[in-house]
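Novice: Any chance you could fold what I've pasted below:
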Amino acid sequence: MVTQPVVHGGQVHQIAKALDRPVDSFIDFSASINPFGPPTPVLNAMQQALPACGHYPDPTAEKLRTRLAKEHGISSDSIVLGNGSSELIRILPRALSLCQGYVAGPTFMEYEASLHIAGARCTYALATSAEKYTPPMGQLSLLVDGIRSGSQKDAFSHEESFTAVFVCNPNSPTGRVVSARSLRTLYRQIEQAGLWMVVDEAFIDFCPSHSLIKEIPNARRLLILRSFTKFFGMPGIRLGYLVGAPETVSKIRRLLPPWSVSQFAQEAGVAALDDVKYRLRSVKFIQQERQRFMTRLRGVPGLRIIPASANFVMVELPSKCVTANLVSQLTRQGILVRDCQTFSGMTQPALRIAIRYPRENNRVIHALKKALRDS
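Specialist: Residues are numbered from 1 along each chain as shown. This next block holds a predicted model:
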């Protein structure tokens, strides 16, 4: 159970302040953000939106929702925008009156935190190191079957209470991906049991063939989360969205505060989607550099590389290694990485390392070698 604030990557400003060093003295591999940064058209669109700051933003974000509907071939009524997908994750348990959630882990800790904040329980189906963190679809299937057969019946359930299955795809921090085919099979089982399925596709733009978003028109108990943060390199703009059946989306929208998505974010979203060259270039670069980076990492003694499909790589450390100490050593070298032992269910010492430019990636490899020698 989450009893303390959830730890996230991307803490470069706090770390720089604590160590009394300039922010630009660090390379941040702890936040999995596209190294290209925001597309130039996004910055231009925000500049052009400056005169609109004297007015409230469109509370329905109609322009961006229409563009997203065209992008995905769905109705704009199936889309709700949020101040980052994390805002939407936080209100989901309340919107769905959840009494419990089954979560494929180890994974993004906001699902667990949001369930507990809403008074719901969180049960993990955990991937294991022995299986290279292959997503635990079999475990989830058994849990769903248990509910259908009554063996896992919730003692606190009533007509307004439901159970949801949460899957992050590709998963963070492991980088593993579930095929769309496997997810469709699980969804059919979930739907028959009367549950909800929530798929967080924050990193799916790096491997789009595995997305379930085209299933939305025919899947009334499927909800998909998307983010502009990771792929478009714009975490400071705060923009995400949820896709689902219109009646469910309407229920979620009612729980959001008015004007939660700024006019700047709305214009940035449209500009990002329209920059096709940026999108193609990003996918090609990440795929090529990820392969090169993983090959180089395999040459570091003591590391075990987990196969990845997103813009980061998870590496397991020697069992005797104290992850927090290694992270501190890397930080002193100006390298920020994500300590994976803060994720529920992660039993092995491991790091998540974002893929950046080749020169920077080479530097983290050199720093890792030094830190492991000295540990």
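
Novice: Can I take it that Val165 is in a helix?
Specialist: No. Counting by DSSP: H, G, I helix; E, B strand; the rest coil, one finds Val165 to be strand, located in no helix.

Novice: In three-state terms, label the residue nearest to it when sequence neighbours are not counted for me.
Specialist: Distance criterion C-beta to C-beta, 6 or more residues apart in numbering; nearest residue to Val165, sequence neighbours excluded, is Tyr102 at 4.7 Å. Using the backbone N, CA and C atoms, a C-beta is placed for each residue, glycine as well. Look at Tyr102: counting by three-state DSSP, its state is strand.

Novice: Make 71 the first number, not 1, from now on.
Specialist: OK, 71 is where the count begins now, so the last one is Tyr172.

Novice: how much space between Tyr172 and Leu185?
Specialist: 10 Å (C-beta to C-beta, to the nearest Å).

Novice: what does His78 give?
Specialist: 17 Å.

Novice: who has more neighbours, the two?
Specialist: Higher neighbour count among His78 and Leu185: Leu185, with 25 against 14, using other C-beta atoms under 10 Å.

Novice: Could you pull out the buried residues of the helix or strand hosting that one?
Specialist: Secondary-structure assignment from DSSP states H and E places Leu185 in helix 180-187. By neighbour count on 16 or more other C-beta atoms under 10 Å, the buried set for helix 180-187 is Glu180, Tyr181, Glu182, Ala183, Ser184, Leu185, His186.

Novice: Verify the contact between the fourth one and Val77 for me.
Specialist: No. At 10.7 Å, Ala183 does not count as touching Val77 under the criterion of C-beta atoms under 8 Å.

Novice: any idea how far Arg296 is from the residue nearest to Val235?
Specialist: 21 Å.

Novice: Do I have it right that Ala441 meets Leu396?
Specialist: Yes. The pair Ala441 and Leu396 passes the contact test of C-beta under 8 Å, sitting 5.3 Å apart.

Novice: tell me the SS of Ala195?
Specialist: On the three-state scheme (three-state DSSP), Ala195 is labelled strand.

Novice: Not counting its neighbours along the chain, what's nearest it?
Specialist: Among residues not flanking Ala195 along the chain, Gln209 sits closest, at 3.7 Å (C-beta to C-beta, 6+ apart).

Novice: so the one you found touches Glu201, yeah?
Specialist: No. Applying C-beta under 8 Å, one finds Gln209 not in contact with Glu201, separated by 11.1 Å.

Novice: secondary structure class for Val269?
Specialist: strand.

Novice: Quote the end-to-end distance of stretch 412-432.
Specialist: Terminal residues of stretch 412-432 lie 26 Å apart, using C-alpha to C-alpha, to the nearest Å.

Novice: Can you give me every residue that contacts Ala437?
Specialist: Residues counted as contacts of Ala437 (C-beta atoms under 8 Å, 6 or more residues apart in numbering) are Leu400, Gln403, Ile405.

Novice: Could you measure from the first one over to Leu212?
Specialist: Distance, Leu400 to Leu212, by C-beta to C-beta: 39 Å.

Novice: next one: Tyr181
Specialist: Counting by C-beta to C-beta, the gap from Tyr181 to Leu212 is 19 Å.

Novice: ditto for Val248
Specialist: In this structure, Val248 and Leu212 are 16 Å apart, going by C-beta to C-beta.

Novice: buried residues in the longest helix along the chain?
Specialist: Counting residues, the longest helix found in the chain (DSSP state H) is helix 346-367. For helix 346-367, the buried set under the neighbour-count rule, 16+ other C-beta under 10 Å, comprises Tyr348, Arg349, Ser352, Val353, Phe355, Ile356, Glu359, Arg360, Phe363, Met364, Leu367.

Novice: Grab the nearest non-local neighbour of the second one.
Specialist: If I follow you right, that is Arg349. Asp275 is the one closest to Arg349 (C-beta to C-beta, 6+ apart), at 7.2 Å.

Novice: Give the helix, strand or coil label for the one you found.
Specialist: helix.

Novice: quick one on the thing from earlier: which of Leu400 and Leu212 has more residues huddled nearby?
Specialist: Leu400 (22 against 13).

Novice: can you map out the strands along the stretch 271-420 of the chain?
Specialist: Remark: strands assigned in the stretch 271-420 of the chain by DSSP state E, counting those that start in this stretch are 292-297, 310-313, 374-375, 382-386, 405-406, 408-409, 420-424.

Novice: tell me the contacts of the residue nearest to His125 when sequence neighbours are not counted?
Specialist: In space, and not counting its chain neighbours, His125 is closest to Gln333: 7.6 Å by C-beta to C-beta, 6+ apart. Residues in contact with Gln333 (C-beta under 8 Å, 6+ apart) are Ala119, Ala122, Cys123, His125, Pro127, Asp128.

Novice: 7 Å instead, please
Specialist: Residues near Gln333 by C-beta atoms under 7 Å, 6 or more residues apart in numbering: Ala119, Ala122, Pro127.

Novice: Now the buried members of those residues.
Specialist: Among those, those buried by neighbour count (16+ other C-beta under 10 Å) are Ala119, Pro127.

Novice: least confident pick among the contacts of Gln333?
Specialist: Within the set of the contacts of Gln333, pLDDT is lowest for Ala122 (92).

Novice: Report the spatially nearest residue to that residue, omitting neighbours in sequence.
Specialist: Nearest to Ala122 is Gln333, by C-beta to C-beta, 6+ apart, at 4.8 Å.
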